[in-house]
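J.: structure here, sequence nowhere to be found:
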């Protein structure tokens, strides 16, 4: 279904029942489909809402509006639009940074924050060559095919999931592809996230080559007072697609605890 939020239409998948509701934010290059295998394991106990962030999937693709503040405001607007009174933010990578920023505002109804292989709140400043390399890697099928086993994952994926990743990556709007390596990575929200007051679980991938465990320990955990980290063994950056059963199990255990 489509929901109008902040002047654009967001494509939303709303499944299951039970509170608190779980709101899923995907990574740079992903879509709401990134969370399907995790949601399949959680929707019997929780209402699960995943959406294509602006510029990705089937959502609108405006020319502007891709700062962390914009992405956080989209999530906040969707929460209002759906009338979620009790909810948990679950963000992956880029979506994790947006979720951190929204949680720092201490919005009404937020009960917990779960960060899966999240981008840290501290800035990552790329060189011009590095920015160009990352953007170009999202433009061609062959480049994405190379990234999947060599950068993004640590375990073999089915042909269907590999094709989904390629489709989602290539389908992204040009402004969305540029915004993250050019601006989003460099945004410093470390001061803001010190205001996060809800219980926070960080799920790091043992073999994640994008958001390494050491980086999360150094750059994220000290900035979020309520955060604790669990390391998921034998997975890379795309743990929701690599080991969805482990991700779902950790989410369920954390919420029940």
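T.: Received, thanks. This is a predicted model, so every value here is computed, not measured.
J.: as a check, name the ranges of all helices in the stretch 51-200 of the chain.
T.: In the stretch 51-200 of the chain, helices defined by DSSP state H, counting those that start in this stretch lie at 68-82, 94-104, 128-137, 141-147, 159-171, 174-182, 190-193, listed in chain order.
J.: looking at the ones you listed, which has the lowest confidence?
T.: Lowest mean pLDDT within the helices of the stretch 51-200 of the chain: helix 128-137, at a mean of 85.
J.: so which elements touch that one?
T.: helix 141-147, helix 174-182 (3 or more Cβ pairs under 8 Å, 6 or more residues apart in numbering; DSSP states H and E). In this view, the C-beta of every residue, glycine as well, is placed from N, C-alpha and C.
J.: among the ones you listed, which comes closest to residue 1?
T.: Closest to residue 1 of these, according to Cβ to Cβ: helix 174-182, at 21.1 Å.
J.: tell me how far that closest one lies from the chain's centre.
T.: Chain-centre distance of helix 174-182: 15 Å, with Cα atoms, centre = their mean, to the nearest Å.
J.: that one versus helix 128-137: what angle between them?
T.: 150 degrees (axes from the mean of the first three to the mean of the last three Cα atoms, to 10 degrees).
J.: for helix 174-182, buried residues please.
T.: Of all the residues in helix 174-182, those buried under the rule 16 or more other Cβ atoms under 10 Å are 175-182.
J.: please apply the same query to stretch 222-232.
T.: 223-224, 227, 232.
J.: how about stretch 153-173?
T.: Within stretch 153-173, the residues that count as buried by 16+ other Cβ under 10 Å are 153-154, 157, 161-162, 164-166, 168-169, 171-173.
J.: same thing with stretch 187-199?
T.: Residues 187, 189-190, 192-193, 196, 199 are the ones in stretch 187-199 that count as buried (16+ other Cβ under 10 Å).
J.: stretch 83-97 now?
T.: If you call a residue buried by 16+ other Cβ under 10 Å, then stretch 83-97 has these buried ones: 84, 87-97.
J.: among those, which pair sits farthest apart?
T.: 84 and 93 (22.6 Å).
J.: quick check: the two most widely separated of the buried residues of helix 174-182?
T.: Comparing every pair within the buried residues of helix 174-182 by Cβ to Cβ identifies 175 and 181 as the most remote, at 12.2 Å.
J.: redo the buried residues of stretch 222-232 as TSV? Include distance to residue 76 and pLDDT.
T.: Putting these into TSV (distance: Cβ to Cβ, whole Å; pLDDT from 0 to 100) gives the following:
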residue	distance to residue 76	pLDDT
223	21	98
224	19	98
227	21	98
232	28	98
